[in-house]
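Student: Sequence first, then the predicted structure:
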Amino acid sequence: MDSTIFTERLNLQRLELRDSEVVFNYRSDPMISRYQNWEPESVGEIQNFIAGLDKICVETPGQWYQLGLRVRSSGELAGDC
């Protein structure tokens, strides 16, 4: 999945391994994790999850996929969906 979806303020695009620590930090925050169905136990778990997304995209098209939400002006990862 190489496409980026552009909005006025965000870019929706594939998560990258460099995003692992940021994803871990916000998904481990109790104020955020209470709305999620998955709370990772380590940065390594996030890295494995992100690495596995490419396999999902290639081997099971049409299935669930996770995208990163980046602020267009800074490139900062703001979340995922």
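Tutor: The structure has been received and is ready for your questions. Numbering: from 1, shown residues only.
Student: quick one: Ala51 from Glu16, how far?
Tutor: With the distance defined as C-beta to C-beta, to the nearest Å, Ala51 ends up 10 Å from Glu16. In this view, the C-beta of every residue, glycine as well, is placed from N, C-alpha and C.
Student: Please apply the same query to Ile5.
Tutor: 16 Å.
Student: what does Gln63 give?
Tutor: Separation of Gln63 from Glu16 (C-beta to C-beta) stands at 20 Å.
Student: Same drill for the two, tell me which one is more crowded.
Tutor: Per other C-beta atoms under 10 Å, whichever of Gln63 and Glu16 has more neighbours is Glu16, with 11 against 8.
Student: where along this protein do the strands fall?
Tutor: 5-6, 10-14, 67-71, 77-80 (DSSP state E).
Student: helices or strands next to the lowest-mean-pLDDT helix or strand in the chain in the packing?
Tutor: Across the helices and strands of the chain, mean confidence by mean pLDDT, DSSP states H and E is lowest for helix 43-59: a mean of 83. Counting contacts by 3 or more C-beta pairs under 8 Å, 6 or more residues apart in numbering; DSSP states H and E, helix 43-59 packs against helix 20-27.
Student: what is the mean pLDDT for the helix it packs on?
Tutor: For helix 20-27, the mean per-residue pLDDT is 95.
Student: what does it contact?
Tutor: 15, 32-33, 36, 38-40, 42-43, 45-47, 50, 77, 79-80 (C-beta atoms under 8 Å, 6 or more residues apart in numbering).
Student: what is the orientation angle of it with strand 67-71?
Tutor: Put simply, helix 20-27 runs at 90 degrees to strand 67-71, going by axes from the mean of the first three to the mean of the last three C-alpha atoms, to 10 degrees.
Student: Tell me how far Ser74 lies from Glu45.
Tutor: Distance, Ser74 to Glu45, using C-beta to C-beta: 26 Å.
Student: Kind regards, and thank you for your time.
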